[in-house]
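A.B. asks: sequence unavailable; structure follows:
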């Protein structure tokens, strides 16, 4: 890294620090609004701030575009990122790995357990429709998906997993009243431990907006996914945990 | 407008004939089956309202009680109105409450009691349909008073906060900013609920629950906006999922103007049982026809799962099937917002010309339908600058090919739910393109035998090939084998199958009887003469 680890934004000259930002303020468009926009830009570290565009939007709002020199420095040596412990694959890559290495469809069984009737989470991950423009696991040719829907009892889930020869079981829990999501998850993992020997047990995954992703061991599951998880992340994790990760360990 | 693509009229006629051949067995299936949601819609028309303390609607409790005693195959109308006579009450909601408490037994009456129950059921349902007719007449009057949007395409904008009381000011602001049509996106997962939630709702997931009260509140607010703006602002919601027939009915009763209503979307993308879907579809379309509602079909969805070039012909096939099912159910061409989308990968060479070919093909195949033109989503990457340019080209294709309804594309698609400024920038984009090139359709004539004409004819040819294959094996088999999208959806699987029943010999549905009556349509066309209280939905 020549020239050290400190950098500044680049406009058209090294070190000029130029940035472009746009935002809306809840004030009608007038001189004061423009001054307010410059003040905000200054507080963001943009100084001098060049207000290049201001336009009223809706009633009592103004949209601004500001160019200017930001006085912050970026220290590359101090950048810390949390690395995902598995590679993110496209649907095509997931299918290719399953087809080539597993040589059969990877079986996934999903459900909402307990009294939870919120299928939002499990449907976002499993339904073709998916979420935020990303298709759900049903869309993956090499995955065989069984979505049991809502209010599935733990024995039903265990039985369905057995019938489908599930490689992985996905459970979604949205309702958290009196820690129902934690109780249900513990009950589910205990039932699988009781019903199936260690080597034959499917991968157990739970997801929901209120889980702490570091609680997996405590709840007896293999993985927890929190808010904002996409189907692609889940599929990539399945491939990692069931195929590529395992092979790596053997090798 | 017609004639820009030099389509072979024989081939076009063949495509329609094949669509009819593929669709007819499905219509027969729909005519010989009923579903819990169709029966609940009948009860809603007959005046059952409200929900129990757990929020389960009385129509659900009543249908469940009838099914437990006599099954679904006779229809619920006769057992319900027979019980009403025996209990000597007139209020059907009260009967539902009694039935839920277990104090009413249902039977299928014969002889004189049967005839009387039929007559009473028909009278009650006819009153519900008359309410819908009055709402339609009211729309006609308001459109006449406030006027239609000054140009085509109509500008269609989405609101989706989850809270109806947040949606209302957002929808009114969108209308003020230029929207002609407001769509309230539903909460994720509502399509798989087997009941319609009740009352005004303030929390939803990525959308707002569709309820009768939410419909009423939003329509009333947009009536205020229509008056303020001097043009009638239309309202859209969803007749899809497990409660499709009830959604259509509630839309008719609350004067919604458009409903998303695709013949196969629920099957392919929500894994709803195919038979359930087709039965619910037919009834909901009959209701839309009667209520003067414009349907929007969902062909854009195929292109988000499949390649927009390779699979362009599946859009055409679906449009032809949707047209057949719609006409069969009594919808007129002006009510067919057939869907299609600008979803070709912009890195494909000549992508704009391909889009023009596809969009013009839809326009020329369905000259009298107000096609619904859907913006790019699949290739919106988070690069908002490129996204804005893409939306500009999308708007241009819409203008050049005379689309009827334009769903405004957001440069922040796939990034955030639209911000106030995103919506403003998107509308500015639409206004610029329509202002600068709105009349360009007049000058736009693809070269004879050129790229666009060739492409359009090729897509039509592929559509005919696919329809021929479907025709040989029936539509249900084609769906089961994964012909559309890549989903295999067998007819004996999927959600909601347990709510389907084959008609018994004495099946009776007064709503279908009235909606299918040929004479009724003539009456409906004269809807302007119907006496009417002043728009009771409007509140200050």
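C.D. replies: Received it, and whenever you're ready, just let me know what you need. Keep in mind that what you see is a predicted model, and the values were worked out from it rather than measured.
A.B. asks: distance of the closest residue to residue B:153 other than its chain neighbours relative to residue B:215?
C.D. replies: In this structure, residue B:153 finds its nearest non-sequential neighbour in residue B:406, 3.9 Å apart by CB to CB, 6 or more residues apart in numbering or on different chains. To be clear about C-beta, it is placed using only N, CA and C from the backbone, and glycine gets the same treatment. With distances taken as CB to CB, to the nearest Å, residue B:406 is found 24 Å from residue B:215.
A.B. asks: the more surrounded of the two?
C.D. replies: residue B:406 (26 against 22; other CB atoms under 10 Å in any protein chain shown).
A.B. asks: my read: the more buried one touches residue B:433, true?
C.D. replies: No: assessed by CB atoms under 8 Å, residue B:406 is found out of contact with residue B:433, at 9.7 Å.
A.B. asks: coming back round to it: what mean pLDDT does the helix or strand harbouring the residue nearest to residue B:153 have?
C.D. replies: For residue B:406, the host element (DSSP states H and E) is strand B:405-407. In this model, strand B:405-407 has an average pLDDT of 97.
A.B. asks: ok, and what's touching that strand?
C.D. replies: Residues from elsewhere that reach strand B:405-407 (CB atoms under 8 Å, 6 or more residues apart in numbering or on different chains): B:153-158, B:181, B:183, B:258, B:296, B:337, B:370-375, B:395, B:398, B:430.
A.B. asks: can you give me the buried ones in the strand ranked longest in chain A?
C.D. replies: Scanning chain A for the strand with the most residues, using DSSP state E, yields strand A:46-56. Neighbour-count burial for strand A:46-56 flags A:46, A:49, A:51, A:54 (criterion: 16 or more other CB atoms under 10 Å in any protein chain shown).
A.B. asks: hang on, the earlier thing: quick check: neighbours shared by residue B:406 and residue B:433?
C.D. replies: Shared contacts of residue B:406 and residue B:433 (CB under 8 Å, 6+ apart): B:395, B:398.
A.B. asks: could you tell me which residues of the stretch 101-250 of chain A lie near chain B?
C.D. replies: A:118-120, A:123-124, A:127-129, A:131-133, A:135, A:138-139, A:141, A:147, A:149 (CB under 8 Å from any CB of the partner chain).
A.B. asks: which SSE is residue A:24 in?
C.D. replies: Per DSSP H and E: strand A:18-25 holds residue A:24.
A.B. asks: state the distance from residue A:29 to residue B:51.
C.D. replies: With distances taken as CB to CB, residue A:29 is found 47 Å from residue B:51.
A.B. asks: and what of residue B:437?
C.D. replies: 50 Å.
A.B. asks: find the residue closest to residue 202 in space, skipping its chain neighbours.
C.D. replies: No chain in the question, so chain A it is. Using CB to CB, 6+ apart, the closest residue to residue A:202 is residue A:166 (4.3 Å).
A.B. asks: wait, chain B was what I had in mind.
C.D. replies: Nearest non-adjacent residue to residue B:202 (CB to CB, 6+ apart): residue B:163, at 4.5 Å.
A.B. asks: phi, psi of the one you found?
C.D. replies: The phi and psi values for residue B:163, taken as degrees, to the nearest 10, are phi -120, psi 120.
A.B. asks: that one is in contact with residue B:203, isn't it?
C.D. replies: Yes: with contacts counted by CB under 8 Å, residue B:163 reaches residue B:203, the gap being 6.6 Å.
A.B. asks: give me the more crowded residue out of those two.
C.D. replies: The neighbour comparison of residue B:163 against residue B:203 (other CB under 10 Å) goes to residue B:163, with 14 against 10.
A.B. asks: for the more buried one, give me the pLDDT.
C.D. replies: 93.
A.B. asks: tell me the contacts of it?
C.D. replies: B:201, B:202, B:203, B:204, B:208.
A.B. asks: which of these lies closest to chain A?
C.D. replies: residue B:204 (9.6 Å; CB to the nearest CB).
A.B. asks: show me what contacts that closest one?
C.D. replies: Contacts of residue B:204 by CB under 8 Å, 6+ apart are B:162, B:163, B:186, B:187, B:188, B:190.
A.B. asks: quick check on residue A:113: phi, psi?
C.D. replies: Main-chain dihedrals, residue A:113, degrees, to the nearest 10: phi -100, psi 170.
A.B. asks: that one and residue A:188 touch, don't they?
C.D. replies: Yes: in this structure, residue A:113 is within contact of residue A:188 by CB under 8 Å, at 5.9 Å.
A.B. asks: number of nearby residues for residue 166?
C.D. replies: Defaulting to chain A. Neighbour number of residue A:166 under other CB under 10 Å is 24.
A.B. asks: I was after chain B.
C.D. replies: Residue B:166: 14 neighbours (other CB under 10 Å).
A.B. asks: ok, now how distant is it from chain A?
C.D. replies: 14 Å (CB to the nearest CB, to the nearest Å).
A.B. asks: next: residue B:17.
C.D. replies: Counting by CB to the nearest CB, the gap from residue B:17 to chain A is 31 Å.
A.B. asks: I'd guess that residue is in a helix, am I close?
C.D. replies: Yes: Residue B:17: assigned to a helix according to DSSP: H, G, I helix; E, B strand; the rest coil.
A.B. asks: residues near it, how many?
C.D. replies: There are 15 residues near residue B:17, going by other CB under 10 Å.
A.B. asks: if we can go back for a sec, check the contact lists of residue A:113 and residue A:188 and give me the overlap.
C.D. replies: By CB under 8 Å, 6+ apart, the residues touching both residue A:113 and residue A:188 are A:154, A:157, A:171.
A.B. asks: quickly find the element holding the residue nearest to residue A:202.
C.D. replies: Going by DSSP H and E, residue A:166 is not in any helix or strand.
A.B. asks: try residue B:29
C.D. replies: Using DSSP H and E, residue B:29 sits within helix B:9-31.
A.B. asks: give me the domain ranges for chain A.
C.D. replies: Per automatic domain parsing, the structural domains of chain A span A:6-78, A:91-250.
A.B. asks: of the ones you listed, which is nearest residue B:511?
C.D. replies: Closest approach to residue B:511 among the domains of chain A (CB to CB): domain A:91-250, 29.3 Å.
A.B. asks: quick revisit: okay, the shared contacts of residue A:113 and residue A:188 in JSON lines with neighbour count, pLDDT and secondary structure next?
C.D. replies: Below are these laid out as JSON lines (neighbours: other CB atoms under 10 Å in any protein chain shown; pLDDT from 0 to 100; DSSP: H, G, I helix; E, B strand; the rest coil):
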{"residue": "A:154", "neighbour count": "19", "pLDDT": "92", "secondary structure": "helix"}
{"residue": "A:157", "neighbour count": "22", "pLDDT": "94", "secondary structure": "helix"}
{"residue": "A:171", "neighbour count": "28", "pLDDT": "94", "secondary structure": "strand"}
